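K.L.:
based on what follows, work out the 3D shape:
(chains A and B)
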Amino acid sequence: MSASSEGPTAVARVRERRPRGADVVHAYASLAALFAMVVVFSALSPQFRSVDNLTSMVDSAAVLAVVTVGITFVLMLGAIDLSVEGVIAACSLAVALLVANTRTGFDLGVAGVGLAILLGAGFGLLSGLLSTLLRIPSFMTTLGVYAIGLGVATLLFAGVRPVVEDPWLNGWASDRFLGLTLASYIAAGAVLVGWLIQRYTRVGRYAFAIGGAEDITRLSGVPVARYKAIAFAVAGAFYGLGAVMATSQLGSGVVEAGTGLNFAAIAAAVIGGTMLAGGRGGVLQSMIGVLVLTVLLNGLILAGVSPYAQRAVHGVIVVAAVVAATWPVRHRLGVVK
Amino acid sequence: MRRPKRHRRSVLACVAAGGFLLSGCAGEAGGGTTDGATCDPEEIKLIGQVRNQTNPYEAAWLSGGDEYAESVGLEQEHLTYDGDSQRQQEQIRQVLAGSGVECTVLNVLPNGDSDTAPIVAAADSAGALLVTHWNKPADLNPHDFDRWIAHITYDDEKSGYQISKALFDDMGGSGGIIALQGILDTSAAQNRFAGLQKALGETPGVELLDDQTANFDRAEALSVTRTLLTAHGEHVRGIWAANDDMALGAMQALEAVGRDDVKVVGIDAVPEAIAAIQDGTMTATVSSDGPWQGGIGLAMGYCAATGELDPTAVEDENRAFYAQHFLIDESNAAEFADRELDMSDFECANLFNRATGPIAE
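P.N.:
Okay, the predicted model is just below:
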């Protein structure tokens, strides 16, 4: 991202129209929800409070965190992305086939990981271009790209799963530093990069402006279509990285590697305060949502909730968390569709 | 892996209506029922239908069908419906709308129990030959039909029991285990877990520390196992998984925390699991022999179409049966790793050799 601090003044003006106080309140509300959850689970289960469990939760959150960073850029635009599972499927198979594996002769190592991330960015760009050039709502185009990704993954799978034999990539899931796996540090790095993109590049700043008021942004001379497409591509790159991490954890290229992640990522972003209407929230807020969901899944098991009841309890708490997180700013949401 | 899906009553109603319409068409065409008549082997159309080709089991099923088709000089048409009941019915309707339907053989994996009835109705009234696998309602039986040759399934409770026994043996008959269940509202998950509970009842030394669902999914099994390992730590000596995907996910979780003293079992015999058994990192799995399933349905249909098999002459208990499954452990993993189809299984005289008895109600 070379585009940097030469100030997008028009956008700055757009942003000033919006009071920042609401966002701050919102972030506190979701933090409070997270805190309440931690307190309750700590009281219910001594294992929940253990250091072992803390590291295990951080490791579990890694993939979701990276994917959520990506989807946050799309949600900030006021668009939606339903392609996550398809893109992850294709990238998972791609990276497994490009590094040392049991099926192909490739042994590209780092370059293979880079190519998989590029593939993800390519899918994202495709979603973005289809939405902007053909003026089709993003939920349709990304649903199409989801199917394309799944199709590509099925072709690459060809009946036999490629098992990853690259010790470096396998090490992401098993090598530890200070108790945490490398994947957790990579995720932390990705969150930092995501935050820098959001804060200091045109892509990030315009994404906010476009989500807040697309017409005004366009009238201000911002090439809206171009930056929308780029934001989708950035999101796709993060899905690609998430796919690489999931592949490392699963040990082979798996078409279903992204199952459930699309919904979880959207839920995490919304709990954190990234509104589906766009123009609000951000990478760091979304991470609060990621923690809420991870703590919830972990805590329900450790607290001994019956597996038969877990899904229902999980659903109820997610809805409650969204309500708690959005309550303070609900008057600003306007019409909810 | 096998996930009977939600019931879709409205779809069923439409499809049932479609089936009646088709029966009308076939009657008018004058070639609908061909009892006793035989087909020219070259005119026989072989069709294999499964959910998708994104998992090793169903991919192996289709390749088994291809191999059989090739052995009789034909080609198998592949249909996949992505676990979508509506699409499955639509595909069946299209196939049965063509000509030469009475020489068409369908080897089908219905999406769920309730999807079987409309498929059977449509195939029977159009005169196509049909073999179904895994899912059917208990009160619907092939012996009440002429063209629905057989329904093949496996005794899930027995599979669950066998891997439990193998696991307990490998643990030396004592210690704690955790169980990863499949999708809780499927009969496959319920019956496999019942098998585990039966084995637990017979082995007082082994304690079930926790059971959770990971929905037959590898990534979910990874995170659930990680949580359970923090909860129960060193007490966990074995992991029972209702399918191999979850077993493989659990093994990744064990690797990530550096545990190599925990035994793992699963069901399905996917290639990675067989390789793991050969390496000694996994204890056992159960194979239903997917390639055989892909071939046997086509073979039954082929033999019926050429007149070498009269479905109505087969005993009732062989029309809907539990097929033989195989426990794979260290002793025989190598044999299953590069197993080839035995074409003699598909000869018209041997079609029911793997039947181990009627389906229990």
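K.L.:
all contacts plus neighbour counts: C-alpha atoms, from now on.
P.N.:
OK.
K.L.:
my guess is residue B:115 contacts residue B:84, does it?
P.N.:
No - using Cα atoms under 8 Å as the test, residue B:115 is too far from residue B:84 to be in contact (10.3 Å).
K.L.:
those two: who's more crowded?
P.N.:
Counting neighbours by other Cα atoms under 10 Å in any protein chain shown for residue B:115 and for residue B:84 shows that residue B:115 has the greater number, 27 against 15.
K.L.:
residue A:174: what's it in contact with?
P.N.:
For residue A:174, the set of contacting residues under the criterion of Cα atoms under 8 Å, 6 or more residues apart in numbering or on different chains consists of A:181-182, B:255-258.
K.L.:
residue B:347: which of the residues you listed is nearest?
P.N.:
Comparing the contacts of residue A:174 against residue B:347 with Cα to Cα places residue B:255 closest, at 45.3 Å.
K.L.:
for the closest one, grab phi and psi.
P.N.:
Backbone torsions of residue B:255, given as degrees, to the nearest 10, read phi -60, psi -40.
K.L.:
before we move on, what about residue A:93?
P.N.:
Taking degrees, to the nearest 10 as the convention, residue A:93 sits at phi -60, psi -40.
K.L.:
what's the answer for the one 3 residues further on, then?
P.N.:
Summarising the backbone geometry of residue A:96 under the convention degrees, to the nearest 10, its torsions are phi -60, psi -30.
K.L.:
and the closest residue to it other than its chain neighbours, what does it touch?
P.N.:
Counting by Cα to Cα, 6 or more residues apart in numbering or on different chains, residue A:253 is the residue found nearest to residue A:96 once chain neighbours are left out, at 5.0 Å. The neighbourhood of residue A:253, defined by Cα under 8 Å, 6+ apart, consists of A:92-97, A:157, A:161-164, A:247.
K.L.:
now do 6 Å
P.N.:
Residue A:253 makes contact with A:92-93, A:96, A:162, A:247, according to Cα atoms under 6 Å, 6 or more residues apart in numbering or on different chains.
K.L.:
where along chain B do the strands fall?
P.N.:
If DSSP state E is used as the criterion, the strands of chain B fall at B:45-50, B:76-80, B:104-108, B:129-133, B:148-153, B:175-181, B:206-213, B:236-241, B:263-265, B:285-287, B:320-323, B:326-328, B:355-358.
K.L.:
same question for chain A.
P.N.:
Residue ranges of the strands in chain A, as given by DSSP E, are A:176-177, A:180-181.
K.L.:
what's the most buried one of those?
P.N.:
Neighbour counts averaged per stretch over the strands of chain A are highest for strand A:180-181, at a mean of 21; criterion: mean count of other Cα atoms under 10 Å in any protein chain shown.
K.L.:
coming back round to it: quick one: which of the contacts of residue A:253 is nearest to residue A:280?
P.N.:
Using Cα to Cα, residue A:92 is the member of the contacts of residue A:253 that sits closest to residue A:280, with 30.9 Å.
K.L.:
surely the closest one meets residue A:243?
P.N.:
Yes - at 5.1 Å, residue A:92 counts as touching residue A:243 under the criterion of Cα atoms under 6 Å.
K.L.:
excluding its backbone neighbours, what's nearest residue A:175?
P.N.:
Nearest to residue A:175 is residue A:181, by Cα to Cα, 6+ apart, at 5.5 Å.
K.L.:
which residues does that neighbour bridge with?
P.N.:
Under DSSP bridges, the beta-bridge partners of residue A:181 are residue A:176.
K.L.:
need the contact list for it.
P.N.:
With contacts defined as Cα under 6 Å, 6+ apart, the neighbours of residue A:181 are A:173-175.
K.L.:
confidence score at it?
P.N.:
For residue A:181, the pLDDT comes out at 93.
K.L.:
ok, now how distant is the spatially closest residue to residue A:229 that is not a sequence neighbour from residue A:264?
P.N.:
By the measure of Cα to Cα, 6+ apart, the closest residue to residue A:229 outside its immediate chain neighbours is residue A:128, 4.0 Å from it. Spatial separation of residue A:128 from residue A:264 under the definition Cα to Cα, to the nearest Å is 22 Å.
K.L.:
show me the helices in the stretch 51-200 of chain B, by range?
P.N.:
B:56-71, B:85-97, B:113-126, B:156-170, B:187-202 (DSSP state H, counting those that start in this stretch).
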